[in-house]
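In: Model the structure of this input:
(chains A and B)
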Amino acid sequence: MDRFMWTNGLLEMNETLVIQQRGVRLYDGDEKAKLEVGVVLLSTHRLLWRDLKNHECCICIPLSQIIFFEEQAAGIGKSAKIVIHLHPAPANKEPGPYQNSKFSYIKLSFKEHGQIEFYRRLTEEMIQKRWESTPASQPITATAGLKTGRTRAVGIVGIERKLEEKRKETDKNISEAFEDLSKLMEKVRLSVITFHTAAKEMVELSRSIASKIKDKQGDITEDETIRFKSYLLSMGIANPVTRETHGSGTHYHMQLARQLGDILQAPLEERGGMMALTEVYCLVNRARGMELLSPEDLVNACKMFESLKLPLRLRVFDSGVMVVQLQSHSEEEMIASAIDSVSEKGSLTAEEFGKLLGLSVLLAKERLLLAEKMGHLCRDDSVEGLRFYPNLF
Amino acid sequence: MSFEWPWQYNFPPFFTLQPNVDTRQKQLAAWCSLALSYCRHRKLYTLDVLEAQESPVFNNKKIERKLSVEAIQVVFEELRKKGNLEWIDKNKTRCLIMWRRPEEWGSLIYQWVSKNGMINSVFTLYELSNGDDTENEEFHGLEEWMLLRSLQALQAEGKAEIITLDDGKGVKFF
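Out: Sure thing, here's the model as predicted:
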């Protein structure tokens, strides 16, 4: 923590903000720092931390001082953390909240998630080293303040000096080793990303195969095509939006809504433009695999469809049943199809209608009730159940 | 002469009170006209709700549907609003049904009286409803309370006056 120095929190001329994340607590080594929870900001040159309430309270370290950093996964009652190992503070460092510290690393504890995205951006910045190519107008205190030259000394002082130098040498070696490790980690990360894209391509490829099979019709039955397709569709979302990657709150729900928009388009078209929210919930969570979604988050994301101008809508029927439907899915058509089917058969129950259209009973009933509400159908409620008839009155 | 059932009588939804307001209005109108025409056909003047539920009007055995007591009460209430029905008791279990309103009966009687040139003559109520002269008229066999009400309606119009005779009531037409 003694590496930090006070700052006014303003960015320099050539410095740009990369990412910021709320709800971050600082740790001096393993101990909680004597600071509240605040906002951590990553710029092209520095890592800044600002108190949530008192904006005057703002501290920073230059990125050049970072040796190595690693993730620490969250546990029960513990937030995920990023551990940052730092070079020792230069002698001419400006004052900061800590005069000295026994630790050479700090931790960022993410109370409100967002650590994955932050880690990614920090990695990018550390690779690009933009602070070297475009130095900030006011040069930030450099690390190169180490003593040079060898002082001749004898006696105990001399031995002590030698030991000191040896220690420094070891420190340097460790730092280099860490840097190598960091490069290795980066390589691993890159290969993971390539794997993700490969997986995505694979899904797309198999989709095209599915459509080709469907076109040819060959000796594969419709039923089998559907089953094959359902396997492929449930294969998963390549990179699900999670609280870890996008933090909590509105931003998270917006991103989630966008992703839902992408993955629900095809299943909705297949099901006649409408799906019960429970059905959507199952489908989405199956596709997400491990990154399960809470019902609340799903509803909140669905509520965003309209403001994000996505072609989907969340609709609440009078009975309280919630469905996701395509915007193009018009009510008139829905009613017309209900009237057609009922007129054709003379009368229908919700079960029969559902079977006829391949809908769930719940949705079939909602459609019939809608048509009734518009005055196109009427009901016969007897011991045999609820049947709908064309409105002949 | 057999009673001719309307088409709705064989339409199962007819026996379920419709939740849609417009549909329900049409349904109730159909029920009102069915109930009145049936009562007229059978010359019924009083009805009991529970008994009515078992009568063929509200109970179609062929399609196994019958109107619930609540629905019957809704239909009766609708008839009351139109002036065709009056409850006898507070609990609304029995009612008087008037397939012609008193004013309509009154004018029918008055037409017959004036056609036969008997204005200014006096009739007993029994003569009007059960006399030989009125045998071919529609009001022949009208129950006394109904007849009295029709005459009261005429009296209000100034076309008749009810007088008390030794052995009952009489009426003089003007």
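In: how about the helices in chain B?
Out: Ranges of helices within chain B are B:21-42, B:49-54, B:69-82, B:102-115, B:125-130, B:144-157, based on DSSP state H.
In: Near chain B, which residues of chain A are found?
Out: Proximity of chain A to chain B is assessed by C-beta under 8 Å from any C-beta of the partner chain, with A:347, A:372-373, A:375, A:378-382, A:387, A:389, A:391-393 identified as the residues in range. Just so you know, the C-beta spots here come from the backbone N, C-alpha and C atoms, and that holds for glycine as well.
In: again, only this time at 7 Å
Out: Near chain B, the residues belonging to chain A are A:372-373, A:375, A:378-382, A:389, A:391-393 when assessed by C-beta under 7 Å from any C-beta of the partner chain.
In: Show me the domain layout of chain B.
Out: The record, using automatic domain parsing to delimit domains, assigns chain B the ranges B:7-97, B:102-173.
In: End to end on the shortest one, go ahead and measure it.
Out: I take that to be domain B:102-173. 16 Å (C-alpha to C-alpha, to the nearest Å).
In: do the longest one as well
Out: End-to-end span of domain B:7-97 (C-alpha to C-alpha): 23 Å.
In: Can you pull out the residues in contact with stretch A:57-77?
Out: Contacting residues not belonging to stretch A:57-77 are listed as A:3-9, A:45-51, A:80-87, A:96-97, A:119, A:122, A:125-126, A:131, A:140-141, A:143, A:175, A:178-179, A:181-182 [C-beta atoms under 7 Å, 6 or more residues apart in numbering or on different chains].
In: what does stretch A:124-135 give?
Out: A:14, A:18, A:42, A:44-45, A:62-64, A:66, A:186.
In: What separation do you get for B:Pro56 and B:Lys62?
Out: 10 Å (C-beta to C-beta, to the nearest Å).
In: With B:Ile72 instead?
Out: Looking at B:Ile72 against B:Lys62, where the rule is C-beta to C-beta, the gap reads 19 Å.
In: Give the burial count for whichever residue of the stretch 201-350 of chain A sits closest to chain B, as a bare number.
Out: Scanning the stretch 201-350 of chain A for the residue nearest chain B gives A:Ser347, at 7.5 Å (criterion: C-beta to the nearest C-beta). Number of residues near A:Ser347 (other C-beta atoms under 10 Å in any protein chain shown) recorded here: 18.
In: Next, the contact list for it, please.
Out: Under the criterion of C-beta under 7 Å, 6+ apart, the neighbours of A:Ser347 are A:387-389.
In: Out of the residues you listed, the closest to chain B would be?
Out: With C-beta to the nearest C-beta as the yardstick, the closest approach to chain B among those comes from A:Tyr389, at 4.8 Å.
In: On the three-state scheme, that closest one is what?
Out: Taking DSSP: H, G, I helix; E, B strand; the rest coil as the rule, one finds A:Tyr389 in the strand state.
In: thinking it is in contact with B:Pro13, fair?
Out: Yes. Using C-beta atoms under 7 Å, A:Tyr389 is in contact with B:Pro13, at 4.8 Å.
In: Which one's more surrounded, the two?
Out: B:Pro13 (25 against 22).
In: Can you tell me how far the more buried one is from chain A?
Out: To chain A, B:Pro13 is 4 Å away according to C-beta to the nearest C-beta, to the nearest Å.
In: which residues in the stretch 251-393 of chain A form helices?
Out: Taking DSSP state H, counting those that start in this stretch as the criterion, the stretch 251-393 of chain A contains helices spanning A:277-288, A:295-303, A:331-345, A:350-357, A:361-373.
In: so can I have CSV of these showing mean neighbour count?
Out: Rendered in CSV, the data for those read as follows (neighbours: other C-beta atoms under 10 Å in any protein chain shown):
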stretch, mean neighbour count
helix A:277-288, 17
helix A:295-303, 17
helix A:331-345, 16
helix A:350-357, 17
helix A:361-373, 21
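In: who's in contact with stretch B:100-109?
Out: B:83-84, B:128, B:138-139, B:142, B:146, B:149-154.
In: where in the chain is pLDDT low?
Out: With no chain named, the answer covers chain A. For chain A, applying pLDDT under 70 flags the ranges A:135-154, A:194-203, A:205-239, A:248, A:330.
In: think we crossed wires, I meant chain B
Out: B:1.
In: Any residues of it in contact with chain A? List them.
Out: Near chain A, when you scan chain B using C-beta under 7 Å from any C-beta, you find B:11-13, B:16, B:18, B:20, B:22-23, B:26-27, B:30, B:65.
In: And those residues, which two are furthest apart?
Out: The two members of the residues of chain B next to chain A with the most space between them (C-beta to C-beta) are B:Asp22 and B:Arg65, at 21.8 Å.
In: ok, those two, which is more surrounded?
Out: The neighbour count for B:Asp22 versus B:Arg65, taken as other C-beta under 10 Å, is higher for B:Arg65 (22 against 12).
In: List the beta-bridge partners for that one.
Out: Taking DSSP bridges, one finds B:Asn60 as the beta-bridge partners of B:Arg65.
In: With neighbour numbers in mind, choose between B:Ile72 and B:Lys62.
Out: Neighbour tally, B:Ile72 and B:Lys62, criterion other C-beta under 10 Å: the higher count belongs to B:Ile72, 21 against 9.
In: quick one: the more buried one and B:Val49 touch, right?
Out: Yes. The pair B:Ile72 and B:Val49 passes the contact test of C-beta under 7 Å, sitting 5.6 Å apart.
In: Please enumerate the strands of the stretch 1-150 of chain A.
Out: A:5-6, A:17-28, A:31-32, A:38-43, A:46-51, A:58-62, A:66-72, A:80-86, A:105-110 (DSSP state E, counting those that start in this stretch).
In: Turn those strands into TSV, including mean neighbour count and distance to B:Thr93.
Out: TSV is the format used below for these (neighbours: other C-beta atoms under 10 Å in any protein chain shown; distance: least, C-beta to C-beta, whole Å):
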stretch	mean neighbour count	distance to B:Thr93
strand A:5-6	16	90
strand A:17-28	18	70
strand A:31-32	12	79
strand A:38-43	20	75
strand A:46-51	21	78
strand A:58-62	22	83
strand A:66-72	17	79
strand A:80-86	20	73
strand A:105-110	23	73
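In: Outline the domain layout of chain A.
Out: Residue ranges for each domain of chain A read A:5-133, A:155-235, A:249-390, as given by automatic domain parsing.
In: For A:Arg50, which non-adjacent residue is spatially closest?
Out: Counting by C-beta to C-beta, 6 or more residues apart in numbering or on different chains, A:Arg50 lies nearest to A:Cys58, which is 4.4 Å off, once chain neighbours are set aside.
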